[in-house]
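> Coordinates only, no sequence provided:
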Ligand code: CU
């Protein structure tokens, strides 16, 4: 991870370069990560050439300057990129809010709806998308949506102001258009979830997690050891939580599994075709930043048990480093039983407790909150889970009407149908960098002389040879999964070792292929993509999804149809959920889960958790 001193050093280098002016803002600062070969050649104590990636905007145009700063030599490589936008800047979001508040036409639209005190209006800037409207061209714009708060702490999403959208040039602080499609009465019922707003149940007895001898993990900087696992933890301002160099110790050596793992992009497309909601397609990584939006986590609330926190270091848009305390939470959890057998003949009963290491962070992006949870299990399994919670994006519905593309969640309050689709980039390193991917489908065998009872079925394993062949969707009917295989490393049965990517129940994008969002979020049209590793292929929708016309990222790269056999490969897995809101999601949504597993499949010679001892002091085994 970059340190505050490294961020300051990179900023100082940029500020001494002629490309820097008073108007320059730092839209992104992150580590320019070293290659796998460099990392593998390194040993502790050696110096390492550190490089920093920066994205600058130098004025209100839709242009970016990319910089790579070499801290050791002070060299800068400076590349202007025209016609692209970084994620929305906080400073400009604030400027957009102020511009709207001062706009007479907007004030009139509010008064027309009976709002006298304009201070009670909550203004939410949204990424504007790309729809070929004239406002978009050459500008960094947002669209603003409006809600009323009866009190400063009121849940504004209970009182959406339907019919009004502001288009704002956020870089110039200039309102371009106030769209008003007509008045719909503002829902009046308050929906607050603070303890003082609710009659609390009083029969929950305390649960306390104690680990009297401390946790079983050790931490050295950002390097974590837990049981046989080792990994490094960092935070990127766009991707949020990033894990590096994940390995598992087996017979005295650490065997690599993943070189890098993170959510590089996500999209929340809305399914209501109306003028208020049809353009809503939030790319919460590339347009806002899952790291920039990370919470400081609180003990006993966000995480329970004996916790280790990691802080995250980011830069402000003016180039000042700052720290988000407790941005990453790590702890151990009991997870029920790991394995068990009760042998009725011998009378011996053996049970082992499952335990997992949890590494998590939580990003709040506008109304929604996303928890990103990586789990490591004693048996070599890795799991990733997103916990979706927070508040629905809402709409006002006229009394007596039933919306076609939204659920009613409270009187005169609807919540449009939408999806949450995440793409995880998995830089594979299963027993080394040379990996292949196989698709596995389990099929019944037709009846015949070799299948006299018509019961036979077997997995059919197909090598995915090129990038276009590896654009895949899941199929529960065949228990479809994908194996990351190292053909040069065999287990004791002579079978190449593998990790299996096991999909959960997951949709792909429902918007039509002709739609703007299908072009911009091409990654979401398939569950699986595989690419040969390339250092500049970082994010599933490209580096600049904000207001992008589409086509960048995975669809573009994989059109080259490169070979992915026995290479350093990257898997890009899309998963998520289609959210048809329910009244129980209101006023704050109980966590919904989406994710996948990476399970060893012949990576080990036998159950790698055979050596987990019975819990001391409990009758979990009999002799
Ligand atoms: Cu949702």
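Nice, thanks for sending it over. Given the structure is predicted, the values throughout are model-derived calculations rather than measurements. Numbers count the residues shown, from 1 in each chain.

> what are the ranges of the helices in the chain?
Applying DSSP state H to the chain gives helices spanning 4-15, 36-41, 90-101, 104-111, 516-520, 554-558.

> Is it possible to get a markdown table of these that adds distance to residue 576 and mean neighbour count?
Heads up, the C-betas are built off the backbone N, CA and C, glycines and all. Below are the helices of the chain laid out as a markdown table (distance: least, Cβ to Cβ, whole Å; neighbours: other Cβ atoms under 10 Å):
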| stretch | distance to residue 576 | mean neighbour count |
| --- | --- | --- |
| helix 4-15 | 32 | 18 |
| helix 36-41 | 29 | 13 |
| helix 90-101 | 25 | 19 |
| helix 104-111 | 34 | 16 |
| helix 516-520 | 14 | 22 |
| helix 554-558 | 16 | 21 |
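
> and of these, who's closest to residue 314?
helix 4-15 (8.0 Å; Cβ to Cβ).

> Can you give the contact residues for that closest one?
20, 24, 26, 29, 50, 52, 54, 56, 67, 69, 71, 74, 76, 313-315, 319-323 (Cβ atoms under 8 Å, 6 or more residues apart in numbering).

> Please indicate which of these are buried?
20, 24, 26, 29, 50, 52, 54, 56, 67, 69, 71, 76, 313-315, 319, 321 (16 or more other Cβ atoms under 10 Å).

> bridging residues for the residue nearest to the spatial centre of the chain?
Nearest to the geometric centre of the chain sits residue 263, at 3.9 Å (Cα atoms, centre = their mean). On the basis of DSSP bridges, residue 263 is bridged to residue 424.

> where do the strands sit along the stretch 201-350 of the chain?
Secondary structure of the stretch 201-350 of the chain (DSSP state E, counting those that start in this stretch): strands located at 217-220, 223-226, 229-236, 240-250, 253-269, 281-282, 308-315, 321-343, 348-365.

> Now do the longest one and helix 4-15, the angle between them.
In other words, strand 321-343. Angle, strand 321-343 to helix 4-15, by axes from the mean of the first three to the mean of the last three Cα atoms, to 10 degrees: 140 degrees.

> Next: the last one.
Strand 348-365 runs at 30 degrees relative to helix 4-15, counting by the same axes, to 10 degrees.

> can you tell me which residues contact residue 416?
Neighbouring residues of residue 416 by Cβ under 8 Å, 6+ apart: 270-272, 277, 280, 393, 395, 403, 405-406, 581.

> bridging residues for it?
Going by DSSP bridges, residue 416 forms beta bridges with residue 406.

> Centre of this structure to the edge, which residue is at the far end?
Distance to the chain centre peaks in the chain at residue 449, reaching 50.7 Å (criterion: Cα atoms, centre = their mean).

> Now find how far off-centre the lowest-mean-pLDDT helix or strand in the chain is within its chain.
Ranked by mean pLDDT, DSSP states H and E, the helix or strand of the chain with the weakest confidence is helix 36-41, at a mean of 90. The chain centre lies 26 Å from the centre of helix 36-41; the measure is Cα atoms, centre = their mean, to the nearest Å.

> heads up, I number from 893, so please use that
In the new numbering, first residue 893, that becomes helix 928-933.

> hmm, who's touching that helix?
By Cβ under 8 Å, 6+ apart, the residues outside helix 928-933 that reach it are 940, 1137, 1151, 1319, 1321, 1325, 1425, 1460.

> related to what we said a few turns ago, quickly note the distance from the residue farthest from the centre of the chain to residue 1349.
The gap separating residue 1341 from residue 1349 is 17 Å, by Cβ to Cβ, to the nearest Å.

> Next: residue 1066.
64 Å.

> Have a look at these two and say which one is more surrounded.
More crowded of residue 1066 and residue 1349, by other Cβ atoms under 10 Å: residue 1066, with 16 against 12.

> Correct me if wrong: that one contacts residue 1060.
Yes: using Cβ atoms under 8 Å, residue 1066 is in contact with residue 1060, at 7.0 Å.

> joint contacts of these two?
Counting by Cβ under 8 Å, 6+ apart, the common neighbours of residue 1066 and residue 1060 are residue 991.

> quick one, which of the helices of the chain is nearest to residue 1493?
helix 928-933 (22.8 Å).

> before we move on, the earlier item: any chance of the strands of the stretch 1093-1242 of the chain in TSV, with mean pLDDT too?
Output for these, formatted as TSV (pLDDT from 0 to 100):
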stretch	mean pLDDT
strand 1109-1112	98
strand 1115-1118	98
strand 1121-1128	98
strand 1132-1142	98
strand 1145-1161	98
strand 1173-1174	96
strand 1200-1207	98
strand 1213-1235	97
strand 1240-1257	96
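
> Same list, those strands, but as a markdown table with distance to residue 1384 please.
Listed next are the strands of the stretch 1093-1242 of the chain as a markdown table, based on distance: least, Cβ to Cβ, whole Å:
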| stretch | distance to residue 1384 |
| --- | --- |
| strand 1109-1112 | 30 |
| strand 1115-1118 | 26 |
| strand 1121-1128 | 22 |
| strand 1132-1142 | 12 |
| strand 1145-1161 | 14 |
| strand 1173-1174 | 49 |
| strand 1200-1207 | 36 |
| strand 1213-1235 | 20 |
| strand 1240-1257 | 23 |
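
> Compare those strands and give me the one nearest residue 1045.
strand 1240-1257 (15.9 Å).

> how far away is the nearest residue to residue 1082 once chain neighbours are set aside from residue 1292?
If the residues on either side of it in the chain are set aside, residue 1082 comes closest to residue 1050, at 5.7 Å by Cβ to Cβ, 6 or more residues apart in numbering. Distance of residue 1050 to residue 1292, given as Cβ to Cβ: 19 Å.

> More neighbours: which of these two?
Per other Cβ under 10 Å, whichever of residue 1050 and residue 1292 has more neighbours is residue 1050, with 24 against 6.

> pLDDT score for the more buried one?
On pLDDT, residue 1050 comes in at 98.

> now do residue 1515
59.

> My read is that residue 1264 contacts residue 1254, right?
Yes: with contact defined as Cβ under 8 Å, residue 1264 and residue 1254 form a contacting pair (7.4 Å).

> Point out where the stretch 1393-1515 of the chain drops to low pLDDT.
Along the stretch 1393-1515 of the chain, the parts satisfying pLDDT under 70 run over 1513-1515.

> ranges for the strands of it?
According to DSSP E, counting those that start in this stretch, the strands that the stretch 1393-1515 of the chain contains are 1420-1424, 1461-1471, 1481-1492.

> what angle do the last one and strand 1145-1161 make?
This points to strand 1481-1492. Using the same axes, to 10 degrees: strand 1481-1492 against strand 1145-1161 is 140 degrees.

> hmm, who's touching strand 1481-1492?
Applying Cβ under 8 Å, 6+ apart, the external contacts of strand 1481-1492 come out as 1149-1150, 1263, 1265, 1271-1284, 1312, 1314, 1316, 1318, 1390-1396, 1398, 1465, 1467-1469, 1471, 1476, 1500.

> Buried among these? Make that a PyMOL selection.
Applying 16+ other Cβ under 10 Å to the contacts of strand 1481-1492, the buried members can be selected in PyMOL as follows:
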select buried, resi 1149+1150+1263+1265+1271+1272+1273+1274+1275+1276+1277+1278+1279+1280+1281+1282+1283+1284+1312+1314+1316+1318+1390+1391+1392+1393+1394+1395+1396+1398+1465+1467+1468+1469+1471+1500
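
> quick one, what contacts residue 1267?
Residue 1267 sits next to 1248-1250, 1273-1277 when contact means Cβ under 8 Å, 6+ apart.

> now those residues in JSON lines, with distance to residue 1219?
What follows is those, written out as JSON lines (distance: Cβ to Cβ, whole Å):
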{"residue": "1248", "distance to residue 1219": "21"}
{"residue": "1249", "distance to residue 1219": "17"}
{"residue": "1250", "distance to residue 1219": "15"}
{"residue": "1273", "distance to residue 1219": "25"}
{"residue": "1274", "distance to residue 1219": "21"}
{"residue": "1275", "distance to residue 1219": "21"}
{"residue": "1276", "distance to residue 1219": "18"}
{"residue": "1277", "distance to residue 1219": "18"}
